[in-house]
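Q: model this:
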Amino acid sequence: MSDLDSLLNTSTNDIKAPQGLPAGSYKLRVGQHSFDESSQKKTPFVEFACTPVEAGEDVDEEELEEISNWREKTIKARFYLSPNAQFMLVNFLKACGVETDGKKLKELIPEVQGCEVWAKITKQAMQDGSGSFNPSPNQFFPDE
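A: Model (predicted):
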């Protein structure tokens, strides 16, 4: 946790817009999950905080080297809990190595904390052009 006084005493010359990870495949470690709902349609979702462990061969190494703390970034994997989208959460759970057959989502979701899974990460520019970010990945692959 950052110290508020220290943050407020930061020179604006030292504040830079965040840069997302270069696009490509990353092995992610799944962290804690939280439940919330979308702001507009109020659709419930579960979101997992993931951290990159390894970059795949398809990631631009030079671009990655420019981000010294890339293993400390948080990639949020969000899954909507609507009837038309729940299958994406099941695919994620399976990619994490969790046996899903005949089980309920509420018992499976906590099981993935600490699992490692490969994900395809994309990168988007911020609307104002000041930086970039990584939207929630939607393609996951088992760690083999």
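
Q: Pull out the buried residues from stretch 122-142.
A: Buried residues in stretch 122-142, counted by 16 or more other Cβ atoms under 10 Å: 132, 134, 136, 137, 140. C-beta here means a position set from N, CA and C on the backbone, and glycine is covered the same way.

Q: what's the pLDDT at residue 136?
A: Among the per-residue scores, residue 136 shows a pLDDT of 86.

Q: helix/strand/coil for the closest residue to it other than its chain neighbours?
A: The spatially closest residue to residue 136, leaving aside those adjacent along the chain, is residue 78, at 4.3 Å (Cβ to Cβ, 6 or more residues apart in numbering). Classification of residue 78 by DSSP: H, G, I helix; E, B strand; the rest coil places it in strand.

Q: check contacts around residue 78.
A: Shown here is residue 78, whose contacts under the criterion Cβ atoms under 8 Å, 6 or more residues apart in numbering are 45, 46, 47, 48, 136.

Q: switch the cut-off to 10 Å
A: Contact analysis of residue 78 by Cβ atoms under 10 Å, 6 or more residues apart in numbering lists 36, 38, 45, 46, 47, 48, 88, 89, 135, 136, 137, 138.

Q: out of the residues you listed, which one sits closest to residue 106?
A: The shortest gap between residue 106 and any of those belongs to residue 46, at 9.7 Å (Cβ to Cβ).

Q: what's the longest helix in this structure?
A: helix 86-95 (DSSP state H).

Q: what element comes up after that helix heading to the C-terminus?
A: Per DSSP states H and E, helix 86-95 leads on to helix 105-108 as the next helix or strand towards the C-terminus.

Q: Flag every buried residue along that following helix.
A: With burial defined by 16+ other Cβ under 10 Å, the residues of helix 105-108 counted as buried are residue 108.
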